[in-house]
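Enquirer: sequence? don't have it. structure:
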């Protein structure tokens with residue numbers, strides 16, 4: 001914001017990336033700058049379609065935020081975690097009651113495994129930043145958070161949704177028009193998230209898994225890359241691969257809602273959070289995200305009019321007449337996550353639960 005005086009807050013100093021020799025995933029890099037020319041856009045349609053129909057994850061670069069703007073967002077992302085525990089209690093989200101993350105998700109709210117609870121805290125803000133009151137320390141920064149939400153939605157999310165629609169040979173606005181902004185039609189949100197180091201006993205009991213293998217439940221998740229390695233994806237061969245940090249890039253993945261709508265042509269890839277490598281242990285891990293959802297009134301059924309789906313076939317998670325709408329599905333997934341008693345599946349290391357008529361799998 002040139003010429004604008006920004007409120008002061010301490011600098012977040014990111015640690016250096018790991019030097020460990022990790023088995024990193026080979027993810028496509030999508031250069032959004034190409035979206036501005038017909039030739040570039042046509043190439044992006046192919047690249048995004050290939051990435052989402054095979055791995056379900058990719059990087060985005062040249063998304064319109066400078067390195068300094070991104071650093072400022074991570075400065076702001078620290079603020080919710082500097083608030084006193086007493087004040088935090090006033091803004092705790094009602095996950096089980098309302099099926100919404102708006103507000104704080106406290107540490108130790110989720111059960112991870114073997115009686116161990118999480119050490120993850122996050123603060124969640126609806127795209128209508130004035131829909132709820134926020135902690136006093138965060139209020140001077142709401143204009144910047146609003147600008148960040150708008151940038152994620154209009155400059156990154158919508159172009160990607162248009163590419164994904166074209167990849168199914170559907171009208172360009174097919175997915176974009178089902179994503180409202182700053183509206184009570186949707187619960188899309190910004191998340192500021194902090195992972196805290198765990199005890200050696202917790203690490204042993206959970207086999208170093210901080211968050212079980214899962215798929216996100218929305219349409220697309222935009223994660224602003226940060227240097228503490230912990231995110232892993234399950235590749236098509238069944239191997240866990242680390243996701244490498246790229247400065248000022250986004251890591252984008254498909255969620256279940258997009259998978260439903262695309263008849264599983266676009267993959268909601270299983271991913272988890274693992275203890276960081278040896279040279280990053282003991283560090284906190286700060287994250288900034290945009291979680292995009294279809295509008296609550298969208299029924300999550302395959303788009304059978306897609307010529308691509310007509311050629312390759314449709315895989316359904318549930319019969320069309322029993323398919324959930326986004327709103328009830330979102331509420332059920334949020335209310336259940338980390339709170340349900342999971343049942344062992346037939347496959348080793350997999351547990352299951354049912355939400356809104358859909359079987360949800362968790363991978364350990």
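Expert: Sure thing, it's come through. Being a predicted model, the structure only gives us computed values, none of them experimental. Residues are numbered from 1 along each chain as shown.

Enquirer: All the strands of the stretch 1-150 of the chain, residue numbers only.
Expert: Using DSSP state E, counting those that start in this stretch, the strands found in the stretch 1-150 of the chain span residues 28-31, 57-61, 103-105, 111-113, 116-117, 120-126.

Enquirer: Which one, of those strands, ends up nearest to residue 257?
Expert: strand 57-61 (16.2 Å; CB to CB). Heads up, the C-betas are built off the backbone N, CA and C, glycines and all.

Enquirer: Next, the residues that contact that closest one from outside, please.
Expert: If you take CB atoms under 8 Å, 6 or more residues apart in numbering as the criterion, strand 57-61 is touched by 25, 27-32, 47-48, 51-52, 156, 160, 222, 225, 233, 243, 246, 248-253, 269, 271.

Enquirer: Just these: which are in helices?
Expert: 47-48, 51-52, 160 (DSSP state H).

Enquirer: Nearest to residue 325, out of the strands of the stretch 1-150 of the chain?
Expert: strand 120-126 (18.9 Å).

Enquirer: Name the residues of the closest one that come out as buried.
Expert: Residues of strand 120-126 classed as buried by neighbour count (16 or more other CB atoms under 10 Å): 120-126.

Enquirer: Equivalent analysis for stretch 77-92, please.
Expert: 77-81, 83, 88, 91.

Enquirer: Just those: which are in helices?
Expert: 77, 88.

Enquirer: so which of the buried residues of stretch 77-92 comes closest to residue 111?
Expert: residue 88 (20.7 Å).

Enquirer: what sits against that closest one?
Expert: The contact partners of residue 88, taken as CB under 8 Å, 6+ apart, are 104, 106, 135.

Enquirer: make it 7 Å
Expert: residue 104 (CB atoms under 7 Å, 6 or more residues apart in numbering).

Enquirer: and the gap between it and residue 136?
Expert: 12 Å (CB to CB, to the nearest Å).

Enquirer: Ok, residue 182 next?
Expert: Distance of residue 182 to residue 136, computed by CB to CB: 22 Å.

Enquirer: out of these two, which sits in the busier spot?
Expert: Taking other CB atoms under 10 Å, residue 182 and residue 136 do not tie; residue 182 has more neighbours (17 against 9).

Enquirer: does the more buried one really touch residue 127, like I thought?
Expert: Yes - with contact defined as CB atoms under 7 Å, residue 182 and residue 127 form a contacting pair (4.8 Å).

Enquirer: Who are the contact partners of the residue nearest the centre of the chain?
Expert: Ranked by distance to the mean C-alpha position of the chain (CA atoms, centre = their mean), the top residue is residue 221 at 3.4 Å. Contacts for residue 221 were tallied using CB under 7 Å, 6+ apart; they are 252-253, 255, 289, 291.

Enquirer: could you redo the last one with a cut-off of 6 Å?
Expert: 253, 291 (CB atoms under 6 Å, 6 or more residues apart in numbering).

Enquirer: give me the beta-bridge partners of it?
Expert: When assigned by DSSP bridges, residue 221 has beta-bridge partners residue 253, residue 291.

Enquirer: so how far is residue 184 from it?
Expert: 22 Å.

Enquirer: swap in residue 229?
Expert: Here residue 229 is placed at a distance of 38 Å from residue 184 (CB to CB).
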